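> Sequence plus predicted model, see below.
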Amino acid sequence: MRVPGSQNQTFFQFVRSLKVDPKITWRTARDYGLVVIGALLQALAMRLFLVPGQMVSGGISGAAQIINFYTRWPIGLMVFIGNVPLFLLGWRYLGGARFALRTAVSVAAFSLLTDLLVWFIPAEGVTDDLVLNCLFGGILLGIGLGLVYRGQGTSGGSDILGRILNSKFGISISQAYLITDTLVVLAGGFAFDWRHALYGLVVIYVSGLAAEATSEGSSIFRTAMIVTNQPQVVAEKIMSVLERGVTVLSGTGAYTGAPRPTLYCVITKAEVNQLKEIVREADQDAFMVIGHAHEALGEGFRPLSGES
């Protein structure tokens, strides 16, 4: 049996390539723990809300849900089988053993837990309200996905396909997700009904928001760029009042050609109004742009050394 890779690589060489350093660090253990917990939450979302509500969330799991509706074949088993070829392609194009191990754990855990939970969760779920199934299913699914991403894994399926299309053909990951998920949701509309399919689109949107907030942070940080004629005064005020670091960037006015120093700093959402007042008092003619930052690491924020 051959797998993607060099022409001389056999299946046994592939298996040997998955060996990792036996020295397990706390960070590695944490990552795998996040992957498994994320897989559990995704499985709970399927069994508590999405499968009882007949809402297809896209990807391999959505396709498995449609097949299960007609054949009663186990959803988890079909998810696992459907991910095998994508898993091999992902190993070839997206990072080798490190990618393969984390993704394999994610897919295997989700597949196993999805089928095991059948024995503990009633088939009708917890509610027959489509709106509640849609919202809570999407949120729980998204949190699970976000935890998998924080553990540096993927959930397989359209995740792998999207990254491969992006890597090899330049198609954006968001466009790849849109294509694959839309096809699955359309199939769900024919399998169930179009009302459920529309709710499925909402599930995809809600889960995306929840996954982003979980994996990248809730955007409580703000970046500020300040163009001012009083850079020293503003910088000193920011450092003394807000106790935040400031970087001075060299800038030049395109119209006047005059030098215009630009200040850059990162603050919390609660400090935005204080910063505005500091700048207003120092230079009412200043120009300021406030942007969003998903995460801030380093001095004054969460230590960079604690991140992988």
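Alright, I've got the coordinates. Numbers count the residues shown, from 1 in each chain.
> and the gap between residue 142 and residue 67?
24 Å (C-beta to C-beta, to the nearest Å). For glycine as for every other residue, the C-beta is placed from the backbone atoms N, C-alpha and C.
> Can you give the domain ranges for this protein?
Following automatic domain parsing, one gets these domains for the chain: 11-216, 221-306.
> the more surrounded of residue 142 and residue 67?
residue 142 (27 against 16; other C-beta atoms under 10 Å).
> Excluding covalently adjacent residues, which one is nearest to the more buried one?
What sits nearest to residue 142 in space, not counting adjacent residues and going by C-beta to C-beta, 6 or more residues apart in numbering, is residue 210, at 2.6 Å.
> The one you found touches residue 143, doesn't it?
Yes: counting by C-beta atoms under 8 Å, residue 210 does reach residue 143; the two are 5.3 Å apart.
> can you give me the helices for the stretch 1-150 of the chain?
11-17, 26-45, 59-71, 75-93, 96-116, 130-150 (DSSP state H, counting those that start in this stretch).
> Can you give me the buried ones in the third one?
Counting neighbours by 16 or more other C-beta atoms under 10 Å, one finds that the buried residues in helix 59-71 are 59, 60, 61, 62, 63, 64, 65, 66, 67, 68, 69.
> just checking, the last one touches residue 196?
No: counting by C-beta under 8 Å, residue 69 does not reach residue 196; the two are 10.8 Å apart.
> Mutual contacts of those two, please.
residue 54 (C-beta atoms under 8 Å, 6 or more residues apart in numbering).
> Which per-residue confidence value corresponds to the closest residue to residue 35 other than its chain neighbours?
Spatial nearest neighbour of residue 35, chain neighbours left out: residue 151 (4.0 Å); criterion: C-beta to C-beta, 6+ apart. Note for residue 151: predicted pLDDT of 86.
> please begin residue numbering at 22 from this point
Sounds good: first residue 22 from here, last item residue 172.
> could you measure residue 172 against residue 48, distance?
From residue 172 to residue 48 the distance is 10 Å (C-beta to C-beta).
> Kindly report the same for residue 270.
From residue 270 to residue 48 the distance is 33 Å (C-beta to C-beta).
> circling back: and the domains of the chain, which is most packed in?
Highest mean neighbour count among the domains of the chain (mean count of other C-beta atoms under 10 Å): domain 32-237, with a mean of 19.
> which stretches of the stretch 172-321 of the chain form strands?
242-248, 268-270, 283-289, 308-314 (DSSP state E, counting those that start in this stretch).
> With respect to residue 154, which of those strands lies nearest?
Nearest to residue 154 among the strands of the stretch 172-321 of the chain is strand 308-314; the distance by C-beta to C-beta comes to 30.8 Å.
> List the contacts of that closest one.
With contacts defined as C-beta under 8 Å, 6+ apart, strand 308-314 is touched by 240, 242-249, 287, 293, 296-297, 300.
> That one - what's its average pLDDT?
For strand 308-314, the per-residue pLDDT averages 90.
> Likewise for stretch 156-168?
Stretch 156-168 carries an average pLDDT of 94.
> Ok, stretch 61-72 next?
Per-residue scores along stretch 61-72 average to 96.
> For it, measure first residue to last.
One end of stretch 61-72 to the other measures 15 Å (C-alpha to C-alpha, to the nearest Å).
> Any idea how far it is from the middle of the chain?
Here stretch 61-72 is found 18 Å from its chain centre; the criterion is C-alpha atoms, centre = their mean, to the nearest Å.
> How about residue 297: what's its closest non-neighbour residue?
Counting by C-beta to C-beta, 6+ apart, residue 309 is the residue found nearest to residue 297 once chain neighbours are left out, at 7.3 Å.
> for that neighbour, which residues make a bridge with it?
residue 247 (DSSP bridges).
> between the lengthiest helix in the chain and helix 151-171, how many degrees?
Using DSSP state H to define each element, the chain has its longest helix at helix 215-237. Angle, helix 215-237 to helix 151-171, by axes from the mean of the first three to the mean of the last three C-alpha atoms, to 10 degrees: 30 degrees.
> ok, back up a step: ok, now how distant is the residue nearest to residue 163 from residue 99?
25 Å.
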